[in-house]
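Chemist: take this sequence and fold it.
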Amino acid sequence: MGTTTPSSWDEAQVLGPLLGEYAQRLSALNRDLTSFLLVTRTIHERTAQAAWLLDSFEVIRKPLGQVLSRSSQFVEHTNLEPLVRDVMILRLADLESQLHHSEGLIRFLRMYIKSSRVEQDVTPLRMAAGQPLSKNGSTPPR
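Modeler: Below you'll find the predicted structure:
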């Protein structure tokens, strides 16, 4: 493999820390989601927290998916030094793993909200923040 060009090195210098930062953020969100789902208090007492957790994920989900896609393309199509490529692949894998875990926890939280019949309490909080409750990303009409 050839040497990393200055522009690809600059991009790797930006992407590497960015991927690591968002892996840490998703890890923290996953801990919050897990804690929320394991608490014995009823969800009726915690609708604001449920809305916040859903919003925290929804706000970053789409842009993060785009960053992952572009980063993956960058690693695949750029002539990087082997060590730089390996580090980028590891960071991508970590972030993809955290994102996958977040998606599963969010699905479970949505099912929990629905089965607990608190959608009517969570939805207005989410709408006030401009976020939907539905998985398809559409915001209900106001």
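Chemist: burial measure for Asp55, as a count.
Modeler: 16 (other C-beta atoms under 10 Å). The way it works is simple: take the backbone N, C-alpha and C, and place the C-beta from them, glycine included.
Chemist: distance of it from Val75?
Modeler: 31 Å (C-beta to C-beta, to the nearest Å).
Chemist: cool, and Ser116?
Modeler: On the measure of C-beta to C-beta, Ser116 and Val75 end up 42 Å apart.
Chemist: again with Ile89
Modeler: 6 Å.
Chemist: these two - which one has more neighbours?
Modeler: Val75 (20 against 15).
Chemist: who's in contact with the more buried one?
Modeler: When contacts are counted by C-beta atoms under 8 Å, 6 or more residues apart in numbering, Val75 touches Arg85, Met88, Ile89, Leu92.
Chemist: can you put the residues you listed in a markdown table and add pLDDT?
Modeler: Shown next, in a markdown table, are the contacts of Val75 (pLDDT from 0 to 100):
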| residue | pLDDT |
| --- | --- |
| Arg85 | 91 |
| Met88 | 92 |
| Ile89 | 95 |
| Leu92 | 95 |
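Chemist: please identify which of the residues you listed is nearest to Phe36.
Modeler: Leu92 (27.6 Å; C-beta to C-beta).
Chemist: and the closest one, how many neighbours does it have?
Modeler: So Leu92, with other C-beta under 10 Å, has 20 neighbours.
Chemist: now for it: which residues touch it?
Modeler: Leu19, Leu68, Ser71, Ser72, Val75.
Chemist: filter those down to the buried ones.
Modeler: Neighbour counting over the contacts of Leu92 (16 or more other C-beta atoms under 10 Å) leaves Leu19, Leu68, Ser71, Val75 as the buried ones.
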